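In: the sequence isn't on hand, but the structure is:
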């Protein structure tokens, strides 16, 4: 395809697949798309293991990584912040609310022991260490979410000849990213899973393209609710150079999600994907559950803590929820949730990642043929 993203990344079809699962990343790249591995939860040591595995299973096809360095976080400017030190900032009121919520569903809240010096989640220094690991592998893209990438990230990308992408949820964010020097914009509408803004993909993509075109030629990847090749074609008709996808890969056989969550995805409608602060402290779209209802609607709720403190609460809670559900606790299923976009309403079965890529290609081709037929003489 004649897309600048294809030229930049060395791919044949501009479908990018974000996933925390190495199997999905490798499968998508092998099928002609471009897998992007979510590295934020990893240490340098575990990331080295994952990327080594991807290198051995991607058949020489290109792939990228994604990190998360928030600009706006409650610990900004602080040094040597660890999980242990953050745990001490979580109030007893919040701990009691969480424990009592799980107890109603016969779930025992168990806590995970972490090393005294384990860095806080979303730590910028750790993210840069992950980049050092990544550049020892043949990655073809680095991406950042929740703000303008630090200058060190952009500089390292240029040094290694690797494009830097950044996610944006508003026109103003896009203008700042272009000024900072990013190479690709991932323009993500509110339909997306995870952290997202309030403007729809259909509106945001052309708004951003119109705003940045007079400044600099930066390819745009459309994101948010894109689950089919027809949607991808529609976004490219608006001027996007390709699509960035995430939720569609959660319903694949290779995905890291549990069988229970996949069942809930298939049963869900688009309205079941809600924005809630209950998981990270920032509005993030996820499958509605007893957990989201409790943090968003319960009069007893003390309110979500700012990022990253809310992640301290949800980490242990969801580990406990998932274990209980997997062990056969039927009540625990009501709390099972994960980040997912409004496109969940289009999921009707579990497929292989390679099959999903093929369906995207076929749907895209049919959409283009349909449009050509409309304008044919």
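Out: Looks like it came in fine. Please read these numbers as outputs of a predicted model, since none were measured by experiment.
In: C-terminal to the helix or strand of the chain with the lowest mean pLDDT, what's the next element?
Out: Of all the helices and strands that make up the chain, the one with the lowest confidence by mean pLDDT, DSSP states H and E is helix 83-87; it has a mean of 79. Once the chain leaves helix 83-87, the next helix or strand it forms, by DSSP states H and E, is helix 92-103.
In: chain center to that next one: distance?
Out: Computed by CA atoms, centre = their mean, to the nearest Å, the chain-centroid distance of helix 92-103 equals 28 Å.
In: buried sites along that helix?
Out: By neighbour count, and taking 16 or more other CB atoms under 10 Å as the criterion, the buried residues in helix 92-103 are 94-95, 97-98, 101-102. Where C-beta positions appear, they are placed from N, C-alpha and C, glycine not excepted.
In: then stretch 4-17?
Out: For stretch 4-17, the neighbour count (16+ other CB under 10 Å) marks 4-6, 8-9, 11, 13-17 as buried.
In: now do the same end-to-end measure for stretch 39-47.
Out: The first residue of stretch 39-47 is 7 Å away from its last residue (CA to CA, to the nearest Å).
In: quick one: residues in contact with it.
Out: Contacts of stretch 39-47 from elsewhere in the structure, counted by CB atoms under 8 Å, 6 or more residues apart in numbering, are 20, 50, 65-68, 121-122, 126-127, 129-130, 132-134.
In: pLDDT-wise, what's the bottom of the residues you listed?
Out: Least confident entry in the contacts of stretch 39-47, by pLDDT: residue 121, with 59.
In: so for the longest helix out of those in the chain, what's the average pLDDT?
Out: Longest helix of the chain, by residue count under DSSP state H: helix 353-375. The average pLDDT for helix 353-375 rounds to 95.
In: am I right that residue 11 is in a helix?
Out: No - remark: residue 11 does not belong to a helix; assigned using DSSP: H, G, I helix; E, B strand; the rest coil, it is coil.
In: correct me, but it touches residue 31?
Out: No - at 10.5 Å, residue 11 does not count as touching residue 31 under the criterion of CB atoms under 8 Å.
In: so the nearest residue to residue 329 once chain neighbours are set aside versus residue 194, what's the distance?
Out: Setting aside the residues directly before and after it, residue 329 is nearest to residue 106 in space (CB to CB, 6 or more residues apart in numbering), at 5.9 Å. Residue 106 is 29 Å from residue 194, where distance means CB to CB, to the nearest Å.
In: okay, those two: which has more neighbours?
Out: residue 194 (24 against 11; other CB atoms under 10 Å).
In: quick one, phi/psi of the more buried one?
Out: phi 80, psi -160 (degrees, to the nearest 10).
In: what bridges to it?
Out: On the basis of DSSP bridges, residue 194 takes part in beta bridges with residue 285.
In: let's have the chain start at 50 instead
Out: Sounds good: first residue 50 from here, last item residue 243.
In: any idea of the pLDDT on it?
Out: 91.
In: also the one 10 residues further on?
Out: At residue 253 the predicted local confidence, pLDDT, stands at 97.
In: run a quick neighbour tally on it.
Out: Neighbours of residue 253 under the rule other CB under 10 Å: 27.
In: excluding sequence neighbours, find me the nearest residue to it.
Out: Counting by CB to CB, 6+ apart, residue 238 is the residue found nearest to residue 253 once chain neighbours are left out, at 5.0 Å.
In: so the residue lying closest to residue 82 once chain neighbours are set aside bridges to which residues?
Out: Once flanking residues are discounted, residue 82 sits nearest to residue 64: 4.1 Å by CB to CB, 6+ apart. With DSSP bridges as the criterion, residue 64 is bridged to residue 292.
In: thought residue 64 was touching residue 292?
Out: Yes - counting by CB under 8 Å, residue 64 touches residue 292, with 5.6 Å between them.
In: which residues do the two both contact?
Out: Any residue near both residue 64 and residue 292 by CB under 8 Å, 6+ apart counts here, and that gives residue 281.
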